[in-house]
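> let's see this in three dimensions:
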Amino acid sequence: MSAGSALGIAAAVAVAVTAIGWRTVFTMIAVSVVALAVVGFVNVTSIMFG
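Numbering: from 1, shown residues only. Sure, this is the predicted structure:
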């Protein structure tokens, strides 16, 4: 991950926070993290028991 993409992500997050507020952004991030965790867990269990 390059510094440019990190800056782009930070700028996008800043714009989103300004536009829709902290709570909504935090909720979106939390939902995406949980979704990734669930997908990873399902993948691991399917590998273990597959």
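
> which helix in the protein runs the most residues?
Longest helix of the chain, by residue count under DSSP state H: helix 22-49.

> average pLDDT across that one?
For helix 22-49, mean pLDDT is 92.

> and that helix, what's buried?
Within helix 22-49, the residues scored as buried using 16 or more other Cβ atoms under 10 Å are V25. In this view, the C-beta of every residue, glycine as well, is placed from N, C-alpha and C.

> what about it, distance to the chain center?
How far helix 22-49 lies from its chain's middle: 8 Å, per Cα atoms, centre = their mean, to the nearest Å.

> so how many other residues sit close to V17?
14 (other Cβ atoms under 10 Å).

> from the middle of its chain, how far away would whichever strand or helix holds it be?
Using DSSP states H and E, V17 falls within helix 3-20. Centroid separation between helix 3-20 and its chain, computed with Cα atoms, centre = their mean, is 13 Å.

> what residues does that helix touch?
Contacts with helix 3-20, where a contact means Cβ atoms under 8 Å, 6 or more residues apart in numbering, come from V25.

> now do it against helix 22-49, angle only.
Calculated by axes from the mean of the first three to the mean of the last three Cα atoms, to 10 degrees, helix 3-20 forms an angle of 130 degrees with helix 22-49.

> extract the CA atoms of helix 3-20 and return them as CSV.
Provided in CSV are the C-alpha atoms of helix 3-20 (Å, rounded to 0.1, in the frame of the first residue of the first chain):
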residue,chain,number,x,y,z
ALA,A,3,1.5,6.6,0.6
GLY,A,4,-0.5,8.0,-2.2
SER,A,5,-3.3,5.5,-1.7
ALA,A,6,-3.2,6.0,2.0
LEU,A,7,-3.6,9.8,1.6
GLY,A,8,-6.4,9.2,-0.9
ILE,A,9,-8.2,7.0,1.6
ALA,A,10,-7.7,9.5,4.4
ALA,A,11,-9.0,12.3,2.2
ALA,A,12,-12.1,10.2,1.3
VAL,A,13,-12.7,9.4,4.9
ALA,A,14,-12.3,13.1,5.9
VAL,A,15,-14.8,14.1,3.2
ALA,A,16,-17.2,11.4,4.2
VAL,A,17,-17.0,12.4,7.9
THR,A,18,-17.6,16.0,7.0
ALA,A,19,-20.5,15.1,4.7
ILE,A,20,-22.4,12.5,6.8
